[in-house]
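> model the following, please.
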Amino acid sequence: MRSSGGHFVFGHQWEDHIFLEQFFSSLRLYNFFELLLASIDSGESLQNSIKKIAMSSSHHLNKKQLYILYYKIRLGFDYSDSFPQNWFLKESRLALVNSNKNGSIDRALSMASELQKQRWTKTLNTLNNIIPVASLLIAGLFVAQLLISIYAPLMEPF
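Coordinates of the predicted model:
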């Protein structure tokens, strides 16, 4: 049993979760922000948290971005200049810029996590609506092909 994004995932479901992270950046970013917040809340520094997450990341592009983020923060860049622009949506981007002034990035990370969660939920709901329709269409095509192959010999002229 492993914990992931506030949910406990058992056995093969964990592999499914990792598979989904490979294709959906919103889920990957949501999990990153949640892990980062949990690590910081446990007393770990931002830099060390990012480095540990980067070392355990299985997504090659994400791993590269995390190491770039780690070194930018380590070199003293502002938070808003260190994090990739597309990781922070809407209000969380403004909170990230403000974190340069007050030194606390927790609010920006929390907002970014929530917005990525909303984005992932929207994507998941869309998939939940599309998959049944696509499945019915595929099943319908197979049934139609089967019926044609069964009745085609009966329709040929003698």
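> look up how far K52 lies from the most centrally placed residue in the chain.
The chain has L27 as the residue nearest its centroid, 1.7 Å off, counting by C-alpha atoms, centre = their mean. Separation of L27 from K52 (C-beta to C-beta, to the nearest Å): 20 Å. Where you see a C-beta, it was placed from the backbone N, CA and C, and this is true even at glycine.
> swap in S104?
Counting by C-beta to C-beta, the gap from S104 to K52 is 21 Å.
> of the two, who's got more company?
With neighbours defined as other C-beta atoms under 10 Å, S104 and K52 compare such that K52 has more, 16 against 12.
> quick one: secondary structure of that one?
When classified by DSSP: H, G, I helix; E, B strand; the rest coil, K52 comes out as helix.
> ok, it to S149 distance?
As judged by C-beta to C-beta, K52 and S149 stand 58 Å apart.
> next one: S57
Computed as C-beta to C-beta, the S57 to S149 distance reads 49 Å.
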